[in-house]
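Novice: Based on what follows, work out the 3D shape:
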Amino acid sequence: MTRKTSTAAFAAASALLIAMMPATAGAVDPFATSPTGQPKLKLPGINSFSPNPEPPPVPKDGRIVRCDAKLTADSAAMQSGISWHVFSTIPGQDGKLQLIAAFDGGSHSFRLAPGEYFLNAAFGRATATKRVTVPASGDVPNQELVLDAGGIVLHAVSGNDTKIPDKDLKFSVYTNDVQDDGERGLVMQDVAPNTIIRLNSGTYHVVSTYGSLNAVIRADIQVAAGKLTQATIQHRAARITFKLVSSVGGEAIADTAWSILTSSGDIVSENVGAFATMVLAEGNYTAVARNKDKIYQRDFDVKAGRNADVELLLSRDAATQNQIPAGNAPNAASEMTTPD
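Specialist: Numbers count the residues shown, from 1 in each chain. Next up, the predicted model:
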């Protein structure tokens, strides 16, 4: 597990690599959907080369070219999940390569006219390309592409083990290398939890966002060829609900404007309504409620994995508001106690 400390505006990061499953032999896709329908697959198509929506007709003088794709040099040929594209090596008038043939599935045989081509195999975001020559006579060699590919499935918890609803999580995957402009290359964004991401082997920079504010975690994750890595990101954050009440546990007062500030005074969020619910990174904050030209304020702490209610009392000012009690259970909503 790796961990980086930070302020409330940028939480600590840690990735727990909790399972490494080797690719199975034979014609079994190690990243195929399970019998229960989980995890989901996300397979973006290739759009970098071809300007044509449909390849040209199969030539009459075409020769059969057998094409296989493997996860690793020692693994069996993949029988599903491969997107094949054959391109001309000569750019068209628009400067782009013409699509000659395409197929989705596993091993495939293309009928191609004698000549040179670029053969591309894609397995999710993992790709391999080679230049092939189809002879006019004689034997036509089989073509084998080694993808050097693996996969990751991303999950996240808050605190030690508090489950985060899938709808509140999204992941973005970047290259590990920083480009000349100081940015990392985006591989995929807004990936849902429990989604298989197929990638070439290597290290990737993953950004996990819990909610829509400052609960953001970064971690570097290694993708091994022929293996599926289950990675759990540990957020240091919690879901907090704010309400202005006339007494502890009372009804929330409508038409309340909320401002949530960090300990340094930076505004994290502003909201209007009887309830204001948001995910905040672990740290110290101040809640400010405005109702009928009156302002109520309270300092509070956010503890990782401890979802809580923060109540501001009409009869209390900033000097007498209480902190959120720590509570006994990590998942229990904390209630404010009345000052003595």
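Novice: from here on, contacts and neighbour counts on C-alpha atoms
Specialist: OK.
Novice: Would you mind listing the buried residues in the helix or strand where residue 86 lies?
Specialist: Assigned by DSSP states H and E, residue 86 belongs to strand 82-91. For strand 82-91, the neighbour count (16 or more other CA atoms under 10 Å) marks 82-89 as buried.
Novice: what angle sits between the following helix or strand past it and strand 82-91?
Specialist: Next helix or strand after strand 82-91 toward the C-terminus (DSSP H and E): strand 97-105. Per axes from the mean of the first three to the mean of the last three CA atoms, to 10 degrees, the angle that strand 97-105 makes with strand 82-91 is 170 degrees.
Novice: what does the helix or strand just after strand 97-105 contact?
Specialist: Remark: after strand 97-105, the chain's next helix or strand is strand 108-112, criterion DSSP H and E. Here strand 108-112 makes contact (CA atoms under 8 Å, 6 or more residues apart in numbering) with 58-59, 61-68, 101, 134.
Novice: If we use 10 Å, what do you get?
Specialist: If you take CA atoms under 10 Å, 6 or more residues apart in numbering as the criterion, strand 108-112 is touched by 58-69, 79, 82, 84, 86, 100-103, 134-135, 142-143.
Novice: Out of these, which sit inside helices?
Specialist: Residues from the contacts of strand 108-112 lying in helices, with DSSP state H as the criterion: none.
Novice: Would you list the buried entries among those residues?
Specialist: For the contacts of strand 108-112, buried by 16+ other CA under 10 Å: 63-65, 67-69, 79, 82, 84, 86, 100-102, 134, 143.
Novice: biggest separation within those, which pair?
Specialist: Pairwise distances across these (CA to CA) peak at 23.5 Å, for the pair 79 and 134.
Novice: Name every strand pairing with the helix or strand where residue 185 lies and say which way it goes.
Specialist: Per DSSP H and E: residue 185 is located in strand 184-191. Next to strand 184-191 in the sheet, as set by DSSP bridges, lie strand 169-178 (antiparallel).
Novice: buried set for the strand it pairs with?
Specialist: Buried positions in strand 169-178, judged by neighbour count with 16+ other CA under 10 Å: 169-176.
Novice: where's the dip in pLDDT among the residues you listed?
Specialist: Within these, residue 176 has the lowest pLDDT, namely 91.
Novice: could you measure that one against residue 223, distance?
Specialist: Applying CA to CA, to the nearest Å, the value for residue 176 to residue 223 is 11 Å.
Novice: What is the neighbour count of the closest residue to residue 286 other than its chain neighbours?
Specialist: Nearest non-adjacent residue to residue 286, counting by CA to CA, 6 or more residues apart in numbering: residue 299, 4.3 Å away. For residue 299, the neighbour count with other CA atoms under 10 Å is 22.
Novice: pretty sure residue 299 is in a helix, no?
Specialist: No: per DSSP: H, G, I helix; E, B strand; the rest coil, residue 299 lies outside any helix segment and is strand.
Novice: From residue 137, how far off is it?
Specialist: For residue 299, the distance to residue 137 (CA to CA) stands at 82 Å.
Novice: Next: residue 312.
Specialist: Taking CA to CA, one finds residue 312 at 85 Å from residue 137.
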